[in-house]
Structures are given as structure tokens and as C-alpha cells.
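Participant: with the sequence up front, the predicted model follows.
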Amino acid sequence: MIRQAVPDDAITAVPLILQAIGHIAFVLSGTNDDQETTSILTNFFCQEDNRISYQNTLVMEQDGVVVGMTILYDGCKARQLDVPIERAAAKKSGDSNYHIPTEPETSEFYLDTLSVSPPCQRKGYGSKLIEAGCDRGRKLGHKRIALLVEIDAAALKRLYERCGFRADYPKWIVGQEYFHMVRTL
């Protein structure tokens with residue numbers, strides 16, 4: 001079952017977020033400490049109006065346990081959603097000029113994060129979460145959905161291609177090259 005996340009999902013959703021975003025978690029938290037980063041992202045997941053909020057998250061449950069999740073939001077709101085996280089990271093890092101790069105284009109519905117717990121991978125759950133995200137984008141009136149996938153993540157790129165996405169250009173975010181991939185809704 002796929003449903004809207006609630007703050008209580010943080011305990012299972014945040015480890016899935018960390019699994020998916022890797023080093024970007026440190027950019028969002030303003031620290032390279034794993035425990036602090038987990039705590040900071042958990043706090044933001046439970047709050048409203050930020051990039052990783054439960055409000056922007058769909059979760060997949062199997063037997064009452066969250067086994068997958070996806071974070072999605074309107075690209076034109078991306079900068080606004082990053083501001084509270086960026087302010088906290090600036091304070092944490094001590095860098096008053098701290099900046100979190102904006103990932104999506106303003107014209108797209110953005111699939112920010114997709115993650116499925118390792119024992120549940122290769123069962124079609126990722127595809128189902130992607131389709132649920134596409135449905136959400138259509139219901140909100142969007143014409144296309146986009147995402148970034150690391151250049152060297154060939155298996156993930158193939159998953160997105162099977163789900164109808166196509167790579168249209170490369171994009172660099174925090175020193176890492178990604179394919180920008182889009183799908184018409």
C-alpha cells in the first residue's frame with residue numbers, strides 16, 4: 001500500500017532517505033557527522049514546508065512496515081523548500097554564505113528521492129512508487145516529472161528508463177555528475 005507519509009514515519013523513512021541521497025545528506029545537514037545528520041534530517045522530516053518534509057513524501061508499506069519511500073515536490077517551490085534547511089546548515093557549519101544548490105527546474109514536478117529497503121528491492125516497489133509520484137504530479141496539474149540520477153548508477157537509470165524517463169542533459173550538483181531525466185505526465 002502506498003500512502004501519504006506522516007511525521008511518525010521518520011524512524012523508517014529517514015534511513016531510506018540517507019540510503020538514497022548519500023553524501024548529499026551532509027550538504028543538507030551542514031555536518032559530516034552521521035548521527036548529527038540523521039538527527040537533523042529526522043527533525044526536518046517531521047516539520048512542514050521543507051524539501052524532506054513528510055508532506056512531500058509517499059511511503060510504501062508491506063505488512064504495516066514502511067519498505068519504500070519517495071519525496072516529490074513542485075520545482076518552482078524548490079528554493080523556498082530549501083531555505084529552512086539551508087539556514088540550519090549555515091548555522092551548523094558556521095558558514096554564513098552556505099548554499100544548497102537547487103536541483104529541479106522551475107517548470108517540473110520533481111522526484112527528489114526514491115528508496116526501497118534492501119530486502120524489498122527488485123520486487124517492483126520502486127516502479128510502483130514512481131507511478132504513484134507521477135499520479136500525484138498529474139493530479140496537481142503538472143505536465144512533466146523530472147529527476148536526477150548519478151551518471152554511474154546504471155541500474156537506477158535503467159529503472160527510470162523502463163518507467164518512461166529519458167535523459168536530456170547532464171547536471172553537476174555538489175561535485176557529482178548526474179543525468180537529468182524527464183517524463184511527460
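Facilitator: Happy to help now that I have it. Residues are numbered from 1 along each chain as shown.

Participant: buried stuff in the helix or strand that contains V27?
Facilitator: Using DSSP states H and E, V27 sits within helix 24-29. Residues 24-29 are the ones in helix 24-29 that count as buried (16 or more other C-beta atoms under 10 Å). Where C-beta positions appear, they are placed from N, C-alpha and C, glycine not excepted.

Participant: then stretch 103-111?
Facilitator: Buried, per 16+ other C-beta under 10 Å, within stretch 103-111: 103-104, 108-111.

Participant: mind checking which of those residues are in strands?
Facilitator: Among those, the ones falling in strands (DSSP state E) are 109-111.

Participant: pLDDT (mean, whole number) over the following helix or strand past the helix holding V27?
Facilitator: For helix 24-29, the following helix or strand on the C-terminal side (DSSP H and E) is helix 34-46. Across helix 34-46, pLDDT averages out at 98.

Participant: and the contacts of the helix or strand that helix 34-46 is followed by?
Facilitator: Using DSSP H and E, the helix or strand that follows helix 34-46 in sequence is strand 57-62. Residues outside strand 57-62 that contact it (C-beta atoms under 8 Å, 6 or more residues apart in numbering) are 1-5, 9, 12-13, 45, 66-72, 116, 120, 125, 128-129, 132-133, 136.

Participant: how far out from the middle of the chain is strand 57-62?
Facilitator: Strand 57-62 sits 13 Å away from the centroid of its parent chain (C-alpha atoms, centre = their mean, to the nearest Å).

Participant: ok, the following helix or strand past that strand: who's next to it in the sheet?
Facilitator: Scanning forward in sequence from strand 57-62 by DSSP H and E, the next helix or strand is strand 65-74. Applying DSSP bridges to the sheet, strand 65-74 is found paired with strand 57-62 (antiparallel), strand 109-116 (antiparallel).

Participant: enumerate the positions of the first one that are buried.
Facilitator: It stands for strand 57-62. By 16+ other C-beta under 10 Å, the buried positions in strand 57-62 come out as 57-60.

Participant: just stretch 139-159 next, same as before
Facilitator: 142, 144-149, 156-157, 159.

Participant: of those, which belong to strands?
Facilitator: Within the buried residues of stretch 139-159, residues falling in strands by DSSP E are 144-149.

Participant: where in this protein is pLDDT low?
Facilitator: Along the chain, the model assigns pLDDT under 70 to no residue.

Participant: 90 instead?
Facilitator: Where the chain drops to pLDDT under 90, the residues are 174-175.

Participant: quick revisit: nearest to S96, of the strands paired with strand 65-74?
Facilitator: S96 sits nearest to strand 109-116 of all the strands paired with strand 65-74, at 25.9 Å, using C-beta to C-beta.

Participant: the nearest residue to L111 once chain neighbours are set aside bridge partners, please.
Facilitator: Spatial nearest neighbour of L111, chain neighbours left out: L147 (4.1 Å); criterion: C-beta to C-beta, 6 or more residues apart in numbering. Counting by DSSP bridges, L147 is bridged to M181.

Participant: no further queries at this time; thank you.
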